[in-house]
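# sharing a sequence plus its predicted fold:
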Amino acid sequence: MTGVRETTDARDVVDFLLDQHQQIRGLLSDVLDVRGPERQRVFDEVRELLARHETGEEMVLRPLTRKTPDGSPVADARFAEENEAKKVLARLEHLDVDGAEFESTFTGFRLSVVDHAAAEERDEFPLLRRDHDADTLVRARGRLERAEKMAPTHPHPSARSTTANYVAGPFAAMLDRARDAFSGS
Ligand SMILES: [Fe+2]
Ligand SMILES: [Fe+2]
């Protein structure tokens, strides 16, 4: 052994979520750059990532935030933003991805998700690192990663359809499947 430490060993739940925020920002900015089936595919990909990400935050991160002295109002505010985003996503899922209404609604959705991620990074993640020890945050990352790997947010691959949206399923169903995986982890 050379004694080179795997850098991933020290990565905690905040590092993990920061990486996902980067992926989410990237996918959100890609959606309107393409059209037709490709736009649907990228939109489905960002919905799937958001289902895993927001469920992980809700079930693993938020309980830790609430344990910090200043955490409850911060957790409440983030929870309210996530609920609002779910409602907008449900509206987007019923729109033609190439239509003008999708474009304007998606533009607002993207801004609010980016603002939400920024608020987590500014107001929530620092509380976790201030008030929890490193072990707790590394263990939380392990739980989050394991549950996300098990989260069957995609229906069975045999569930083929000519409608891409059907294959991915509605966001609410993705959330239910992700929640089941996190509860069992
Ligand atoms: Fe969030
Ligand atoms: Fe987040």
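Arrived safely. Ligands and ions are numbered 1, 2, ... in the order given.
# give the buried residues for the helix or strand residue 24 falls within.
Element membership for residue 24, per DSSP states H and E: helix 13-31. Residues 13-17, 20-21, 24-25, 27-28, 31 are the ones in helix 13-31 that count as buried (16 or more other Cβ atoms under 10 Å). In short, each C-beta sits where N, CA and C put it, glycine included.
# ok, and the closest non-adjacent residue to residue 150?
residue 181 (4.4 Å; Cβ to Cβ, 6 or more residues apart in numbering).
# so how far is the helix or strand containing the one you found from its chain's centroid?
Here residue 181 sits within helix 171-183, counting by DSSP H and E. For helix 171-183, the separation from the chain centroid amounts to 12 Å (computed by Cα atoms, centre = their mean, to the nearest Å).
# equivalent analysis for stretch 97-108, please.
Taking mean C-alpha positions (Cα atoms, centre = their mean), stretch 97-108 and its chain are 21 Å apart.
# what sits up against that stretch?
31-32, 35-36, 39-40, 43, 88, 91-92, 95-96 (Cβ atoms under 8 Å, 6 or more residues apart in numbering).
# pull the most distant pair out of those.
Using Cβ to Cβ, the contacts of stretch 97-108 reach their maximum pairwise distance at 36 and 88, which is 22.1 Å.
# cool, thanks, signing off.
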